[in-house]
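Novice: everything below, folded, please.
(2 chains)
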Amino acid sequence: MDLFTLTALLGDGLAVGSIYALTALGLTLVYGLLRVLHVAHAGVYAVGAYAGWWAFQKTGSFGLALGTGAVAGALLGLFLEAWFYRPLLSRPPHVALIGSIGLFLAVGDLLRILFGPYQQSLPALAPAPVVGMLTAPQLVVVGATAVLLLGVYFVVEQTRLGLGWRAMAQDALTAAALGVDLPLMSRLAFLAASLLAGLAGVLVGAYYNQVYPTMGAVLAYKGLAIVVLGGLGNLWGTVAAALLLGLLESLAVAYLGHRFPPEGVAFVALILVLLFRPQGLFSRARR
Amino acid sequence: MYVVTILELLLIYALLTLSLNLVVGLAGQVNLGHAAFFGIGAYAGGTLLKAGAPFPVALAAGAAASTALGLVLGAVSLRLRGDYLAIATIGFNFAVVAALLYTPYFGGAYGLSGIPRGLAPSTYLLALLATFGLAVFIHERVQNSESGYAFVALRDSEVAAEALGLNVNRFKLVAFALSTALAGVAGVFYAAYIGTLRPEDFGFPLSVTLMAMLVVGGMGGLWGPILGAFLLGGFAQAFAFVHNYQAVLYGLLLALVMRYRPQGILGRVS
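Specialist: Numbering: from 1, shown residues only, chains lettered A, B, ... in the order given. Take a look at the predicted model:
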């Protein structure tokens, strides 16, 4: 395999991994704070993609498409937090998990009913090679992700909000006693997570030039695998796991073809990690 | 006989929700991969029926194959709790579907077709009814036995159950074995009923549907799972036009029930 093909593969893997990172980051943030598995997050991502597609149809501006996707995602996320997740915090965790799967299915199917089962195209980025074999969509996706991740890093590590999140994730009761406004923290976490998911939806729609109702399905289940591999609630472990998975998938398809069932292998790996390294691949045991 | 055909399908669903209730409603172990066991039973039984084996042999093989796999998941459940177990069961479902898909012996994506009923129609119905009766009996025996109390203790507080000297691991394995054996039996009946099996028929969406039936009916008791299976299964059959909206309705129903009545229609508040 020559160098050009390799850079193309790495570019694709990095772009796919970036999308995984943007969505899985929200999942792991929400899990860290509320201990709920927010499967409907993938629905937020699909709604963001459709909102971006709609805005691009109307205006032809990719910037507006990104903005619309982010706003639509954020609104849906805030609604889900207030209506669904917060009232269920006192229930056993499987209640929110099962309901969340239901919400995810309902959102995907609603998109199908509203916009039809076929793919819609979102031709915002021309797939022309820019540097070597790296294409414009790859550079945009990777670049946007890098900027967003830096932003998240800054918020989490350098601001009072990030301090509040970290305190709540570590020990919610103590944090509350010390004056951290837990409902506000959870609301803002959903806001941030859903903004990122909406943006990721638009980015992935432009990257593949397609938006379709079940586009969240891959992420809904793969997202679970990624946050587990990264260590549930561990932000940077999740980013690393997402990039790693994107790169591995891209290389595996190139070198091994489709001889192996990718989901099967991913989920067997997931179960093994759960059994033997439940703290994730990158963190030391916490308890 | 259209009505009988529907009744048979609903009885199969009820077998599945009752078996799911043993693990989820009584023992409190979330299982979001129950369709995998149904599928293993169906494929094992279907393969044998196609080879001309008598129905009881297929039934036994389906139950055995499903139980063997169920014990694997049961062993996994010994190490994982709550969310982690739930994710593992989802992964399990995907892995089993992928394994069926990539096994040429089972026909891959085309699946297994031309499975004979193995029994005369009336005998089939009687056998299914008898099995359903047996499932109800087992369910009641478990619920009102020492194991049943142990299951409930396990569900309500695993730590307390262990502190009381219950062998938590043993009861978890028993719950998974019973539950998956019944699901395997339901699978063999389904294979004979439907004649054609494809891997994606036993994927995660079916597991969610079964969970929806269980939570809408109400888990824990005997009538909740049966009601859920008949209500949601019958609804889909009675209103064929609903088929186009089935996913959105199931999804919303699941979310609404969890939000406003997490114990289901007939469930008790614990």
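
Novice: distance of A:Thr174 from A:Gly32?
Specialist: Taking C-beta to C-beta, to the nearest Å as the measure, A:Thr174 falls 15 Å from A:Gly32. For every residue, glycine as well, the C-beta is placed using N, CA and C.

Novice: neighbour count winner among the two?
Specialist: A count of neighbours by other C-beta atoms under 10 Å in any protein chain shown puts A:Gly32 above the other of A:Thr174 and A:Gly32, at 21 against 11.

Novice: give the buried residues for stretch B:135-152.
Specialist: Neighbour counts over stretch B:135-152 (16 or more other C-beta atoms under 10 Å in any protein chain shown) mark B:Ala135, B:Val136, B:Ile138, B:His139, B:Val142, B:Gln143, B:Ser147, B:Gly148, B:Tyr149, B:Ala150, B:Phe151, B:Val152 as buried.

Novice: how far away is the fourth one from B:Ser179?
Specialist: B:His139 is 10 Å from B:Ser179, where distance means C-beta to C-beta.

Novice: can you list residues touching both of those two?
Specialist: B:Leu22 (C-beta atoms under 8 Å, 6 or more residues apart in numbering or on different chains).

Novice: the helix or strand bottoming out on mean pLDDT in chain A: partners in the sheet, and parallel or antiparallel?
Specialist: Within chain A, no helix or strand scores below strand A:129-131, which has a mean of 72 by mean pLDDT, DSSP states H and E. According to DSSP bridges, strand A:129-131 has the following sheet partners: strand A:134-135 (antiparallel).

Novice: pLDDT averaged over the partner strand - what is it?
Specialist: Strand A:134-135 comes out with an average pLDDT of 82.

Novice: quick one: contacts of it?
Specialist: With C-beta under 8 Å, 6+ apart, strand A:134-135 has contacts from A:Thr7, A:Ala8, A:Gly11, A:Pro127, A:Ala128, A:Pro129.

Novice: would you list the buried residues of stretch B:135-152 in JSON lines and tack on distance to A:Tyr118 and secondary structure?
Specialist: Output for the buried residues of stretch B:135-152, formatted as JSON lines (distance: C-beta to C-beta, whole Å; DSSP: H, G, I helix; E, B strand; the rest coil):
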{"residue": "B:Ala135", "distance to A:Tyr118": "43", "secondary structure": "helix"}
{"residue": "B:Val136", "distance to A:Tyr118": "46", "secondary structure": "helix"}
{"residue": "B:Ile138", "distance to A:Tyr118": "47", "secondary structure": "helix"}
{"residue": "B:His139", "distance to A:Tyr118": "45", "secondary structure": "helix"}
{"residue": "B:Val142", "distance to A:Tyr118": "48", "secondary structure": "helix"}
{"residue": "B:Gln143", "distance to A:Tyr118": "49", "secondary structure": "helix"}
{"residue": "B:Ser147", "distance to A:Tyr118": "52", "secondary structure": "helix"}
{"residue": "B:Gly148", "distance to A:Tyr118": "51", "secondary structure": "helix"}
{"residue": "B:Tyr149", "distance to A:Tyr118": "54", "secondary structure": "helix"}
{"residue": "B:Ala150", "distance to A:Tyr118": "52", "secondary structure": "helix"}
{"residue": "B:Phe151", "distance to A:Tyr118": "48", "secondary structure": "helix"}
{"residue": "B:Val152", "distance to A:Tyr118": "49", "secondary structure": "helix"}
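
Novice: nearest to chain A, of those?
Specialist: Using C-beta to the nearest C-beta, B:Val152 comes nearest to chain A of the buried residues of stretch B:135-152, at 14.1 Å.

Novice: contacts only, for the nearest residue to the closest one once chain neighbours are set aside.
Specialist: Excluding its sequence neighbours, the residue lying closest to B:Val152 (C-beta to C-beta, 6 or more residues apart in numbering or on different chains) is B:Leu26, at 6.2 Å. Contacts for B:Leu26 (C-beta under 8 Å, 6+ apart) come out as B:Val142, B:Gln143, B:Gly148, B:Phe151, B:Val152, B:Arg155, B:Ala175, B:Gly220.

Novice: my guess is the third one meets B:Val142, correct?
Specialist: Okay, so that is B:Gly148. Yes. Using C-beta atoms under 8 Å, B:Gly148 is in contact with B:Val142, at 4.8 Å.

Novice: could you give me the average pLDDT of stretch A:71-91?
Specialist: 95.

Novice: what's the answer for stretch A:180-188, then?
Specialist: Averaging pLDDT along stretch A:180-188 yields 95.

Novice: so which bits of it are buried?
Specialist: A:Val180, A:Leu182, A:Met185, A:Ser186, A:Arg187, A:Leu188.

Novice: wait, the second one sits on A:Ala175?
Specialist: Yes. Using C-beta under 8 Å, A:Leu182 makes contact with A:Ala175 at a distance of 6.9 Å.

Novice: any residues in contact with both of those two?
Specialist: What both A:Leu182 and A:Ala175 touch, as defined by C-beta under 8 Å, 6+ apart, is the set A:Met168.

Novice: would you mind naming what in the stretch 1-150 of chain B lies close to chain A?
Specialist: Within the stretch 1-150 of chain B, the residues that sit near chain A (C-beta under 8 Å from any C-beta of the partner chain) are B:30, B:32, B:76, B:79-80, B:82-84, B:86-88, B:90-92, B:94-95, B:97-99, B:101-102.

Novice: check which helices and strands the helix or strand harbouring A:Gly13 is in contact with.
Specialist: If you go by DSSP states H and E, A:Gly13 is part of helix A:3-34. Helix A:3-34 makes packing contacts with helix A:41-59, strand A:134-135, helix A:136-158, helix A:160-170, helix A:182-208, helix A:215-230, helix A:235-256 when contacts are defined by 3 or more C-beta pairs under 8 Å, 6 or more residues apart in numbering or on different chains; DSSP states H and E.
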